[in-house]
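S.K.: following is a predicted model, sequence given first.
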Amino acid sequence: MTNQTDIFSMFGIEDEYAEEKKRQEEARKKQMEEAAKRAEERKKAGATSTSTSGTASSITKKEEPFDLNMDTFICHLGQEIPITDYFSTEEIENGLPSKKKGEEEVTYKKIEGNEVRKRLEKTFPDLVAAYTEMVYIKNKNMIMAVPKAKRKGLFQEVKESSDSLAPSFNPIPFSILSDFICLSKEYSNQFGVELYGDVYYDLTQQEFFMDIPHQLATPLTVERIEDAYVTAMKLQDKKFIKVMEIHSHHKMLAKPSRLDNESERQENILYVIIGRVDNFFPDITVRIFNKKADKHFDINPYKVFESPFYLMNKDYDTSNVEVYEQ
């Protein structure tokens, strides 16, 4: 006689939780199969990465040339900054004066994105060339400073400082972290690759949101390759601040690699690594970079994310718990 260990079948009870998990798994499997099919079609068409969101791919890349006027404004850190704060009327109308060495004639060069970035960098030190692209959106007569990220990966793990610093904003909802872990598990299980996400704060709605951008994901690295214009079009109606870059190390530890240390060097950005997504509770590393100290500092995740363990589903009688203080 075979021993029966399934308590549900023992009493003829349907395990609704197991059935629901089975349905969810089948739905996820179907979604990933469709994603793999789309990726193969893009590969045949000359595409270079796998994306399931469709958001980036649905926006045609149409970078618009800078055509500035006196009403143009710059969108950065939720502010709408008049172009006239950084350029004179003559510069806006005629362009920037330029004279080649050894020549007397002065020519005028049209104002482009990098010239705007250079002027703003004096006020906003975060607008360094390595981490910023300036995009012009003609229908809004707006220039947007689009944050960009560098490649991350698992190469050569390096231990950094464990000093603790706290960010100066409200905790990020646990649901955002949970969603990213779910996506990371799927991509790790299905493709054995890392995953990347950007977390922003909407200043108008006063809420955090996450975006999974166009990226090239491999087993050892992940690189954000979304065109700045595509990002700008997605964010054009929001007053936002980018607060976090998060990526997974799939089944490896959440220890920063040399590549991570080299690419995650922008101040005022939280950097999060999710590792061992094959575990029930994955590993998590949260840190920031301090330019003056030229080093990274670890942050307790409790100071960044809302905890899922602060509310119980029911009240329990704990009167029988005897506490002995030492």
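M.R.: Perfect, thanks for sending it. Numbering: from 1, shown residues only.
S.K.: for residue 179, give me phi and psi.
M.R.: Note on residue 179: its backbone torsions stand at phi -60, psi -40 [degrees, to the nearest 10].
S.K.: name the nearest residue to it, ignoring sequence neighbours.
M.R.: Closest residue to residue 179 apart from its sequence neighbours, by CB to CB, 6 or more residues apart in numbering: residue 210 at 6.6 Å. To be clear about C-beta, it is placed using only N, CA and C from the backbone, and glycine gets the same treatment.
S.K.: could you spell out which stretches of the protein belong to which domain?
M.R.: The chain breaks down into these domains under automatic domain parsing: 73-147, 149-303.
S.K.: poorly predicted segments of this protein, please.
M.R.: Residues of the chain meeting the criterion pLDDT under 70: 1-62, 102, 150-151, 153-169.
S.K.: where do the helices sit along it?
M.R.: Chain-ordered helices for the chain, with DSSP state H as the definition, fall at 7-10, 16-44, 89-94, 113-121, 174-191, 228-235, 258-263.
S.K.: that older thread, hey, what's the residue nearest to residue 179 bridged with?
M.R.: Bridge pairing for residue 210 (DSSP bridges) gives the partners residue 199.
S.K.: ok, it - contacts?
M.R.: Taking CB atoms under 8 Å, 6 or more residues apart in numbering as the definition of contact, the neighbours of residue 210 are 176, 179, 180, 197, 198, 199, 200, 246.
S.K.: contact partners for the nearest residue to residue 108 once chain neighbours are set aside?
M.R.: What sits nearest to residue 108 in space, not counting adjacent residues and going by CB to CB, 6+ apart, is residue 95, at 3.6 Å. The neighbourhood of residue 95, defined by CB under 8 Å, 6+ apart, consists of 108, 109, 110, 111.
S.K.: tell me the one among those residues nearest to residue 311.
M.R.: When those are compared for distance to residue 311, the smallest value, 53.0 Å, is given by residue 111; criterion: CB to CB.
S.K.: run a quick neighbour tally on the closest one.
M.R.: Neighbours of residue 111 under the rule other CB atoms under 10 Å: 23.
S.K.: wait, it touches residue 92, no?
M.R.: Yes: Residue 111 is in contact with residue 92 according to CB atoms under 8 Å; the separation is 6.9 Å.
S.K.: give me the common contacts of the two.
M.R.: With contacts taken as CB under 8 Å, 6+ apart, the residues that reach both residue 111 and residue 92 are residue 68.
S.K.: ok, back up a step: and the residue nearest to residue 108, how far from residue 110?
M.R.: Distance check for residue 95 against residue 110: by CB to CB, to the nearest Å, it reads 5 Å.
S.K.: for residue 182, same thing?
M.R.: When distance is defined by CB to CB, residue 182 is 47 Å away from residue 110.
S.K.: swap in residue 121?
M.R.: Residue 121 sits 20 Å away from residue 110, taking CB to CB as the criterion.
S.K.: which residue is nearest the middle of this protein?
M.R.: Note on the chain: the residue nearest the mean C-alpha position is residue 198, at 1.2 Å, using CA atoms, centre = their mean.
S.K.: check contacts around it.
M.R.: With contacts defined as CB under 8 Å, 6+ apart, residue 198 is in contact with 147, 149, 210, 211, 213, 224, 242, 244, 245, 246.
S.K.: cutoff 10 Å now
M.R.: Neighbour list for residue 198: 147-149, 209-213, 224, 226, 231, 235, 240, 242-246, 269 [criterion: CB atoms under 10 Å, 6 or more residues apart in numbering].
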